[in-house]
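In: Structure here, sequence nowhere to be found:
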């Protein structure tokens, strides 16, 4: 292998390594991130399945009688958390005429990195962030000015940095979500837009709250105790009273272990129910047929 090939091999090897040594908690963080993405995908797939299975009612005919066999059960709403369940109310906001120094004080006081900007009727018209303020003070402190052929993005930043109020500095239009948006959909939006906080607006565009990215994360990722509680609830629902006490449940890192004795039909139903639970990584079926 010549010198050029050696350098190429070393470069490829470096690309497979992290840019800095992992911290002691990095492995756990990576595991939580993988489970988070899996939970988002599971929730989105479940919502699509419910939409596909929803019966199409004939508007010309009479509605189905209550309790009739043709009436399909509605999906369990409790298993589809919405933004309104986790958003912060009331939401911190500011008016579009607020000077930038007061914006900086507000961000520091509230310990947030960005705040929605609203008009006189509380309509969300933009978001102002620490990055917007930093661009302004950086241009003022450095005296840097883009040249005639400066990059378009740099020239736009300079033009924006000359502003004095929130209306001049904010990013507009703002990315918002409705209170009835599912947590899974809001999580996708936060991921794609790289936002830590999403303004929540009603149908008229008025600010009603703010949802934090870590709040979405906590809803979508449950700890082992939360998973075990739902598995035990499925045991109660699937198994006859005389069989429930024979089933033992253990959960570690999202892996569910079932032990005990059950009739074959009940065993198959229980395992299928547990495998369908969000955040369950794997089911170890150690049950034996009674």
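Out: Yep, that arrived. Nothing here was measured: the structure is a model prediction, and the numbers come from that model. Numbers count the residues shown, from 1 in each chain.
In: List the contacts of the residue nearest to residue 239 when sequence neighbours are not counted.
Out: Using CB to CB, 6 or more residues apart in numbering and skipping the chain neighbours, the partner closest in space to residue 239 is residue 266 (5.8 Å). The C-beta positions use only the backbone N, C-alpha and C, and glycine is treated the same way. Residues in contact with residue 266, defined by CB atoms under 8 Å, 6 or more residues apart in numbering, are 238-240, 243.
In: Quickly find the element holding residue 266.
Out: helix 264-275 (DSSP states H and E).
In: low pLDDT regions in this structure?
Out: 1-79, 140-161 (pLDDT under 70).
In: which stretches of it form strands?
Out: For the chain, applying DSSP state E gives strands covering 94-95, 114-118, 124-129, 197-201, 207-212, 248-252, 255-262, 282-289.
In: start to end distance for stretch 88-103?
Out: End-to-end distance for stretch 88-103: 20 Å, by CA to CA, to the nearest Å.
In: which other residues reach that stretch?
Out: Under CB under 8 Å, 6+ apart, the answer for stretch 88-103 is 106, 110, 112, 115-120, 122, 125-126, 128, 133, 136, 163-167, 169-170, 199-200, 207-212, 215.
In: hang on, the earlier thing: tell me which residues in the helix holding residue 266 are buried?
Out: Buried positions in helix 264-275, judged by neighbour count with 16 or more other CB atoms under 10 Å: 266-267, 269-271, 273-274.
In: sorry, back to before: possible to save the contacts of residue 266 as JSON lines with distance to residue 102?
Out: Formatted as JSON lines, those follow (distance: CB to CB, whole Å):
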{"residue": "238", "distance to residue 102": "59"}
{"residue": "239", "distance to residue 102": "62"}
{"residue": "240", "distance to residue 102": "66"}
{"residue": "243", "distance to residue 102": "66"}
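In: In helices only, show me these.
Out: Mapping these onto helices (DSSP state H) picks out 238, 243.
In: Buried among the contacts of residue 266? Make that a ChimeraX selection.
Out: To isolate the buried ones among the contacts of residue 266 in ChimeraX, judged by 16+ other CB under 10 Å, type:
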select :238,239,243
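In: Of the contacts of residue 266, just say which sits nearest to residue 256.
Out: Nearest to residue 256 out of those is residue 238 (CB to CB; 13.8 Å).
In: roughly how far apart are the closest one and residue 290?
Out: 14 Å (CB to CB, to the nearest Å).
In: Tell me which stretches of the stretch 101-250 of the chain form helices.
Out: For the stretch 101-250 of the chain, helices defined by DSSP state H, counting those that start in this stretch occupy the ranges 130-142, 152-161, 166-169, 183-193, 213-220, 224-238, 241-244.
In: which of those helices sits most buried?
Out: Of all those, helix 166-169 carries the top mean neighbour count, a mean of 21, counting by mean count of other CB atoms under 10 Å.
In: How many neighbouring residues does residue 94 have?
Out: 19 (other CB atoms under 10 Å).
In: could you dump the helices of the stretch 101-250 of the chain to TSV with distance to residue 99?
Out: Shown next, in TSV, are the helices of the stretch 101-250 of the chain (distance: least, CB to CB, whole Å):
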stretch	distance to residue 99
helix 130-142	11
helix 152-161	14
helix 166-169	8
helix 183-193	27
helix 213-220	29
helix 224-238	46
helix 241-244	65
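In: Nearest to residue 177, out of those helices?
Out: That would be helix 183-193 among the helices of the stretch 101-250 of the chain, by CB to CB, at 5.0 Å.
In: same for the closest one, what does it pack against?
Out: helix 26-53, strand 197-201, helix 213-220 (3 or more CB pairs under 8 Å, 6 or more residues apart in numbering; DSSP states H and E).
In: go again using 6 Å as the cut-off
Out: Helix 183-193 sits against helix 26-53, helix 213-220, with contacts defined as 3 or more CB pairs under 6 Å, 6 or more residues apart in numbering; DSSP states H and E.
In: picking that back up, looking at the contacts of residue 266, which is nearest residue 282?
Out: Nearest member of the contacts of residue 266 to residue 282, counting by CB to CB, is residue 238, at 19.0 Å.
In: my guess is that closest one contacts residue 271, does it?
Out: No: between residue 238 and residue 271 there is no contact under CB atoms under 6 Å: 9.5 Å.
In: got the end-to-end distance for stretch 190-209?
Out: Per CA to CA, stretch 190-209 runs 15 Å from first to last residue.
In: Quick check: buried residues in that stretch?
Out: 190, 195, 197-202, 205, 207-209.
In: Name the residues that touch that stretch?
Out: The contact list for stretch 190-209 (CB atoms under 6 Å, 6 or more residues apart in numbering) reads 83, 87-89, 91, 93, 114, 116, 118, 122-124, 174-177, 179, 210-213.
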